[in-house]
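Student: this one's structure only:
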């Protein structure tokens, strides 16, 4: 037998409806048209049946439909079951589907056509009692339907609130994920360049401890300066990530900053040749920033994996076409000087085998509507990328959102 869980409120409601049925029978007992010819024994039986019907309302949650059917059928000859029948049909209308309620309502009003057929032959008292009965049953069914509709509305609103809460949690989780990805990108872009310089020169010191004092001092100065700049950039990144939306953003590099990037790499001993970017033709900031990041990552990888090798950077394009970026490094030379790095400087700054940076760059180019390829060529390595000069209509929504908001 299925066990029905009832709350304290349900129990109070059941007792209240039982008392309603009992009080209704007691109050209406004087107005019920009982035939004078009815035997007193049957009168007592009629009252006992009414009391049992009132007690049966406590079973309305377990068997609402059978209880309503029994009380309606028994009410055709018993005179004290109107109150229990009202409670039963109310329960059916409030808790059961529309079709079941319709069938129970049809059963309740089945005697109505017969009553209307014989209404002229009935006394005024019996006619008023019958009309009152049908009105009370109709009111109980209507109240039950109203209660059911209200419960469905409350359940719908509760479901919407739960869905909205779940959607808010998903949005919050997505925002946290985007923040983590933003932190990872910003850390990689900003710190990778600095830490690669530090790693290369520290590795060179380890590989060539007998270098001249001037080169050791120069390498130590590069290490100190790179560490200082890395800490400064880290503080800037963390400060911007902690800042509110109205507190400004960290200035983002653009294509015009390539000369400064190359000059900084040359100052540490790198042999880098820069061609471009085109004079007087500046692409949109988002495109220029992507090109800058591609060159920055390519120079970082060249320092890590081909220390001392010459690197050629070429940037070209026009507003009516594409922006093309090429970074090519020659085969690495033999034993390098302490400032150019050596075998000890070929390890990634993070101790990994590398490669994730190029994957990230390819994803950046794809989001911008372009393409990036990378691979060995003529003993060296070539990174080639093209980007649309304008991001309108070609960049992904995520890329356009980042271009108009936070930079990468």
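Tutor: Noted; the coordinates are in hand. Model, not experiment: these values are computed from the prediction.
Student: Is residue 80 in a helix, a strand, or coil?
Tutor: coil (DSSP: H, G, I helix; E, B strand; the rest coil).
Student: what's near enough to touch the nearest residue to it once chain neighbours are set aside?
Tutor: Ranked by CB to CB, 6 or more residues apart in numbering and with sequence neighbours excluded, the top spatial neighbour of residue 80 is residue 50, at 2.6 Å. Where you see a C-beta, it was placed from the backbone N, CA and C, and this is true even at glycine. The contact partners of residue 50, taken as CB atoms under 8 Å, 6 or more residues apart in numbering, are 25, 78, 79, 80, 81, 84.
Student: how near is the nearest residue to the last one once chain neighbours are set aside to residue 145?
Tutor: Counting by CB to CB, 6+ apart, residue 53 is the residue found nearest to residue 84 once chain neighbours are left out, at 3.8 Å. Remark: distance between residue 53 and residue 145 (CB to CB, to the nearest Å) = 23 Å.
Student: now residue 235
Tutor: 67 Å.
Student: Could you rank the contacts of residue 50 by neighbour count and give me the top one?
Tutor: When neighbours are counted by other CB atoms under 10 Å, residue 84 leads the contacts of residue 50 with 34 neighbours.
Student: Hmm, that one is touching residue 51, no?
Tutor: No. Judged on CB atoms under 8 Å, residue 84 makes no contact with residue 51 at a distance of 9.5 Å.
Student: okay, which residue is most central for this structure?
Tutor: Residue closest to the average C-alpha location in the chain (CA atoms, centre = their mean): residue 170, at 2.1 Å.
Student: hey, where'd the helices end up in the protein?
Tutor: For the chain, helices defined by DSSP state H occupy the ranges 8-28, 40-56, 64-74, 82-95, 98-108, 111-118, 124-207, 213-242, 258-267, 285-305, 356-367, 397-404.
Student: what's next to the fifth one, contact-wise?
Tutor: With contact meaning CB under 8 Å, 6+ apart, helix 98-108 is reached by 65, 68-69, 72-73, 85, 89, 92-93, 96, 137, 141, 144-145.
Student: okay, the angle between that helix and helix 64-74?
Tutor: Angle of helix 98-108 versus helix 64-74, following axes from the mean of the first three to the mean of the last three CA atoms, to 10 degrees, is 10 degrees.
Student: What residues sit buried inside helix 98-108?
Tutor: Buried residues in helix 98-108, defined by neighbour count with 16 or more other CB atoms under 10 Å: 101, 104, 105, 108.
Student: now it: mean pLDDT?
Tutor: The average of the pLDDT scores along helix 98-108 is 86.
Student: pretty sure residue 379 contacts residue 331?
Tutor: Yes. Contact criterion CB under 8 Å: residue 379 and residue 331 qualify, at 3.9 Å.
Student: Please report how far the residue nearest to residue 80 lies from residue 233.
Tutor: Going from residue 50 to residue 233 by CB to CB gives 88 Å.
Student: same thing with residue 260?
Tutor: Residue 260 is 14 Å from residue 233, by CB to CB.
Student: More neighbours: which of those two?
Tutor: The residue with more neighbours, out of residue 260 and residue 233, is residue 233; 18 against 11, by other CB under 10 Å.
Student: Distance-wise, check the more buried one relative to residue 226.
Tutor: 10 Å.
Student: same question, residue 57
Tutor: 85 Å.
Student: Of residue 235 and residue 145, which one has the most company?
Tutor: For the pair residue 235 and residue 145, the greater number of neighbours falls to residue 145 (16 against 10), based on other CB under 10 Å.
Student: ok so, going back, ok, which pair from the contacts of residue 50 is furthest apart?
Tutor: Among the contacts of residue 50, the pair separated by the greatest distance (CB to CB) is 79 and 84, at 12.1 Å.
Student: returning to that earlier point: hey, what's in contact with both of residue 233 and residue 226?
Tutor: Residues touching both residue 233 and residue 226 (CB under 8 Å, 6+ apart) are residue 194.
Student: which residues touch residue 322?
Tutor: Counted by CB under 8 Å, 6+ apart, residue 322 has contacts 370, 386, 387, 388, 389.
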